[in-house]
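Colleague: predicted coordinates and the sequence they were generated for:
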Amino acid sequence: MIARQVHLVRRPGEFAKPSDFRTVEAELPDIEEGQILVRNLWMSIDPYMRRSMEPIATDLEPWPLNGRLSGPAIGRVMASRHPKFLAGDLVESMSGWQDHFISNGAEFVPYMSPDDALVKRAAAGAAPKDYVGLLGVAALTAYAGMACFAVANPGDTAVVSSGAGTVGSIGCQIAKIRGLRVVSSAGSDDKVHWLEDVARVDHAFNYRKRPIAAALKQGCPKGIDLVLENASQDHLSACLPLMNELKQILIAGFVSIYDTGGQVPPFKNFEYVLDKFLTIRSYRFMDALDSYDTFVSDMMRWRSEGKMTLRECVFDGLEKAPEALCSLFDHSSAGKVLVRIAGD
Ligand SMILES: NC(=O)c1ccc[n+]([C@@H]2O[C@H](COP(=O)([O-])OP(=O)(O)OC[C@H]3O[C@@H](n4cnc5c(N)ncnc54)[C@H](OP(=O)(O)O)[C@@H]3O)[C@@H](O)[C@H]2O)c1
């Protein structure tokens, strides 16, 4: 059987391009005893992948040049010679960027497993693409921050950056479910309208059109009680002077620096951390893996109650995956970026 794989052929340094990748064919052998053949249906495209393109010091292994890449995917078992898996099972893995792969069925723990590890998924009411979208890693990151770690009371003001992205949009909606007043930013007017009309935040602004500090001041007349930071040092620096005393900042990531070749803008206003006795916590979704089952049931319930929506931006076909990744950094996509490899 011939599998198609997308390989990285060049490390761009800054400003990744689709031409940094190439789609190749690879012959897969017949499966042996204890192995499974999986056909990927959907894969998730995430900002961290931009960092995997470079040999930089993070907790991530850099992707190899001209070799198999890793990334969250949901697929279906096509053939099994493994006692735990049947043909037709839905399996989540880190074996994205290819349409078929062979696995030995080792246990899957996101980002920490060998590439061929996987886990069965079958939540009631969930479609296959939900496992890389509404129930995926970025969604769990939002849930970890806003449902598990955030210390806030109804009526408090929460600020969420990259509000129209996956972590941001889900974070905004969980904050609304918790009764918080939500202020959020995004990089286009269309995204701002989505935040106001669909996510129902209380105040949204286009950070590429308005100075962030002035927009936050207008949106947060009683100060800020909680920040969920996804975007940038600039955004977080602008929040600090508006923070109320003894409040909390949760940092999920700084997406703005992933495509800049290591150039990081200076962090400002740090003295407010001391003066306002702030708590800053940067965290990973893995910190909330114990809450995975509650996360799934909450997300499915909130969606059925009309309180949770994930905007999706679907790229059709495995060969579109490089374009999909670049779209995260040129503001051309909105919401969760997914690649449909084979549909459901
Ligand atoms: N800690 C964890 O375990 C974990 C897990 C998942 C994600 N994260 C982090 O959470 C953050 C959001 O991830 P996500 O999955 O929600 O991303 P996403 O859905 O893919 O959204 C990416 C968005 O980032 C925004 N962006 C791009 N360049 C930017 C820039 N220069 N300045 C500000 N915003 C920019 C764009 O929206 P606009 O057009 O609105 O700017 C883009 O649509 C990232 O920092 C990511 O690394 C952390």
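Modeller: Yep, it's here. Here the structure is a predicted model, which is why all the values come from computation and not from measurement.

Colleague: any idea of the mean pLDDT in stretch 33-48?
Modeller: Over the span of stretch 33-48, the pLDDT mean works out to 96.

Colleague: do it and the ligand come into contact?
Modeller: Yes: taking C-beta under 6 Å from any ligand atom as the criterion, stretch 33-48 and the ligand are in contact, through Asp46, Pro47, Tyr48. Where you see a C-beta, it was placed from the backbone N, CA and C, and this is true even at glycine.

Colleague: tell me which residues of that stretch come out buried.
Modeller: The neighbour-count criterion (16 or more other C-beta atoms under 10 Å) identifies 35-38, 40-48 as the buried residues of stretch 33-48.

Colleague: first-to-last residue distance for that stretch?
Modeller: The first and final residues of stretch 33-48 sit 35 Å from each other (C-alpha to C-alpha, to the nearest Å).

Colleague: quick thing: my sequence starts at 26, can you match it?
Modeller: All set: I'll call the first residue 26, so the last point we hit is now stretch 58-73.

Colleague: chain center to it, what's the gap?
Modeller: When C-alpha coordinates are averaged (C-alpha atoms, centre = their mean, to the nearest Å), stretch 58-73 and its chain have centres 17 Å apart.

Colleague: same question for stretch 31-45.
Modeller: 20 Å.

Colleague: ok, of the buried residues of stretch 58-73, which one's closest to Cys264?
Modeller: Pro72 (20.1 Å; C-beta to C-beta).

Colleague: around the nearest residue in space to that closest one that is not next to it in sequence, how many other residues sit close by?
Modeller: Ranked by C-beta to C-beta, 6 or more residues apart in numbering and with sequence neighbours excluded, the top spatial neighbour of Pro72 is Val280, at 4.7 Å. As a burial measure, Val280 scores 22 neighbours (other C-beta atoms under 10 Å).

Colleague: can you pull the contacts of Val280?
Modeller: Listed by C-beta atoms under 8 Å, 6 or more residues apart in numbering, the contact set of Val280 reads Pro72, Ser187, Gly190, Asn255, Ala256, Ser257, Leu353, Phe354.

Colleague: ok, the second one to the ligand distance?
Modeller: According to C-beta to the nearest ligand atom, to the nearest Å, Ser187 and the ligand sit 5 Å apart.
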